[in-house]
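Enquirer: Just to be clear, the model below is a prediction. Sequence and coordinates:
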Amino acid sequence: MRITLTIKVEAIDFDAQTPALRLKGKNIVENDFVKMGQYHTLELETQRPFSLAKSEWDSIASDLVEQACDVTRKADLAVVVMQEGLAFVCLITSSMTLTRQKIEVSIPRKQGAASMGREKALAKFYDQVMRAIMQHVDFSIVKCLIIASP
């Protein structure tokens, strides 16, 4: 059964094992299951929607929420993992790895008639990798870029 509760948050607790954020407070909108003024604990988990409301949003509070939601502002490490014709551009934070772009280009073999287009295909692949790095990596935030390839 799903119910909607509106609480005025009085305490916040983070459980790193789950990981979940617990909000404790009084119910401020009465419904059939929870009376108004009754204390309740809500558990917020990743990938579960919730609504956040505040009577007044100043610029500092809204900036904090915006920064918390934008993982790219916290990533101080970028990684490009490549093999011939396949690359992943990733941003890494202290708690997650976010794949920003996957690049795939068909590269002809070194032997046979198809080998004539090999250099052109490799140049196209490296160009796409470089464009992805420039698009997804903010070097004013990222402190280090690691490029790994066999």
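Expert: The structure has been received and is ready for your questions.
Enquirer: what ranges do the helices span in this protein?
Expert: 59-69, 118-136 (DSSP state H).
Enquirer: Show me what the shortest one is in contact with.
Expert: Spelled out, that is helix 59-69. L52, K54, R73, K74 (CB atoms under 8 Å, 6 or more residues apart in numbering). All C-beta atoms are positioned from the backbone trio N, CA, C, and that covers glycine.
Enquirer: With stretch 73-88 instead?
Expert: 67, 89-94, 97-99, 101-107, 121-122, 125, 128-129, 132-133, 136-137, 141-150.
Enquirer: So for stretch 119-126, what gets flagged as buried?
Expert: A121, F125 (16 or more other CB atoms under 10 Å).
Enquirer: Dump the helix or strand of the chain with the lowest mean pLDDT to CSV, restricted to CA.
Expert: Ranking every helix and strand in the chain by mean pLDDT, DSSP states H and E puts helix 59-69 at the bottom, with a mean of 78. Presented in CSV, the C-alpha positions along helix 59-69 are these (Å, rounded to 0.1, in the frame of the first residue of the first chain):
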residue,chain,number,x,y,z
SER,A,59,19.5,31.7,-3.5
ILE,A,60,21.9,29.8,-1.2
ALA,A,61,19.5,27.0,-0.5
SER,A,62,18.5,26.6,-4.2
ASP,A,63,22.2,26.6,-5.2
LEU,A,64,22.9,23.9,-2.6
VAL,A,65,20.1,21.7,-3.9
GLU,A,66,21.2,22.3,-7.5
GLN,A,67,24.8,21.3,-6.7
ALA,A,68,23.7,18.2,-4.8
CYS,A,69,21.6,17.0,-7.8
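Enquirer: what residue ranges in this protein score low on pLDDT?
Expert: Low-confidence segments of the chain (pLDDT under 70): 16-17, 113-115.
Enquirer: all strands of it, in order?
Expert: Per DSSP state E, the chain carries strands over the ranges 7-15, 20-27, 39-45, 77-83, 86-92, 97-104, 144-148.
Enquirer: Rebuild those strands as JSON lines, extending it with mean neighbour count and distance to I60.
Expert: Shown next, in JSON lines, are these (neighbours: other CB atoms under 10 Å; distance: least, CB to CB, whole Å):
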{"stretch": "strand 7-15", "mean neighbour count": "11", "distance to I60": "18"}
{"stretch": "strand 20-27", "mean neighbour count": "16", "distance to I60": "21"}
{"stretch": "strand 39-45", "mean neighbour count": "13", "distance to I60": "22"}
{"stretch": "strand 77-83", "mean neighbour count": "17", "distance to I60": "27"}
{"stretch": "strand 86-92", "mean neighbour count": "19", "distance to I60": "25"}
{"stretch": "strand 97-104", "mean neighbour count": "14", "distance to I60": "26"}
{"stretch": "strand 144-148", "mean neighbour count": "11", "distance to I60": "30"}
